[in-house]
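Colleague: got a predicted model here, sequence first, then my questions.
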Amino acid sequence: MHRSLSSLALAWLVLAAAPAAADTVKVLTSGAFKPVVVAMVPAFEARTGHKVEVANDTAGALAKRVAGGEAFDVLVLTPAALQPLAKDGKVLPDSIAPLAKVGIGVAVKAGAPKPAIGTVEEFRHALIDVRKIAYIDPASGGTSGIYLDGLFEKLGVAQVVRPKAVLVAGGLSAEKLVSGEADLAIQQVSEILPVAGVDLVGMLPPEIQNYTTYAGALGTAGTHRAAAAEFLKALSSEEGRQALRSKGMLPP
């Protein structure tokens, strides 16, 4: 009898220590911020007992998916993309929180010569001299691709760059360096650093650099509100700031 009571007491303690309910938080994130989200998941799951499901896409594609009714608990996009969704009742306006900003970098295949890009004119010549350039397809709604397409026009090299562009619909442009399809990749630095087999040449010159700001928000129709709010709070914490710095991003 004593042993049975002890076993029951032990079982009760285990149950009491476990989370009241283990939820699965669905996070939709733009590709540039995905490395930070993924880095935060293991510690969050271990600490809370909740699970995190991560899906990513370009900013434009995500906005369309959410507008079309896709379910989610946490959404990470640019503030400009979140505002219309808040107005349409897709995200809670009061939950929108700035998370990070990231600039655009230039990469080559590991071991390849690194072109000079320290000045605008050097960067311009690098675009002209290279065989193939990989970047996000502007038509896919990717933030960096849209900016670069306009930048090439301003620099007067659009007619030279476009015929040798290796356009990526979404994902990591630097992978085209590894496959040999491109010799130069230009994208937000947080999407260059995760690719093995490439070297970061550097950031765009300050005069033409473009920083994208990202913010997070809770879904209005999210079914795991408390767990989602806890994960969003974690992204804004000191732990979150350490994770974003390690992925090439900066605090907002």
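Modeller: Arrived safely, thanks for sending. Residues are numbered from 1 along each chain as shown.

Colleague: all helices for this protein, in order.
Modeller: With DSSP state H as the criterion, the chain has helices at 2-17, 34-48, 59-67, 79-87, 120-129, 143-154, 158-161, 175-178, 225-235, 238-246.

Colleague: reformat those as CSV; add mean pLDDT, distance to residue 208 and mean neighbour count.
Modeller: Where you see a C-beta, it was placed from the backbone N, CA and C, and this is true even at glycine. CSV is the format used below for the helices of the chain (pLDDT from 0 to 100; distance: least, CB to CB, whole Å; neighbours: other CB atoms under 10 Å):
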stretch, mean pLDDT, distance to residue 208, mean neighbour count
helix 2-17, 42, 54, 9
helix 34-48, 96, 24, 18
helix 59-67, 92, 20, 19
helix 79-87, 95, 20, 17
helix 120-129, 98, 6, 16
helix 143-154, 96, 6, 20
helix 158-161, 97, 14, 15
helix 175-178, 98, 22, 22
helix 225-235, 96, 29, 20
helix 238-246, 93, 23, 16
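
Colleague: show me the one of these that comes nearest residue 94.
Modeller: Across the helices of the chain, residue 94 has its closest neighbour in helix 79-87 (9.1 Å, CB to CB).

Colleague: export stretch 207-219 to CSV, keeping only CA atoms.
Modeller: What follows is stretch 207-219, C-alpha atoms only, in CSV (Å, rounded to 0.1, in the frame of the first residue of the first chain):
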residue,chain,number,x,y,z
GLU,A,207,25.0,55.2,-50.0
ILE,A,208,23.0,52.4,-51.7
GLN,A,209,22.4,50.1,-48.7
ASN,A,210,18.8,49.2,-48.0
TYR,A,211,17.8,48.0,-44.5
THR,A,212,14.6,46.1,-44.2
THR,A,213,12.8,46.2,-40.8
TYR,A,214,10.8,43.2,-39.6
ALA,A,215,8.0,43.1,-37.0
GLY,A,216,6.0,40.3,-35.5
ALA,A,217,2.2,40.1,-34.8
LEU,A,218,-0.3,37.7,-33.5
GLY,A,219,-3.0,36.3,-35.7
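
Colleague: now do the buried residues in it.
Modeller: Burial within stretch 207-219, assessed by neighbour count using 16 or more other CB atoms under 10 Å, is assigned to 208, 210, 212, 214, 215, 216, 217, 218, 219.

Colleague: so among the residues you listed, where is pLDDT lowest?
Modeller: On pLDDT alone, residue 212 ranks lowest of these, at 91.

Colleague: so that residue versus residue 221, what's the distance?
Modeller: Using CB to CB, to the nearest Å, residue 212 is found at 27 Å from residue 221.

Colleague: check residue 148 too.
Modeller: Between residue 148 and residue 221 the distance, using CB to CB, works out to 35 Å.

Colleague: cool, and residue 86?
Modeller: 13 Å.
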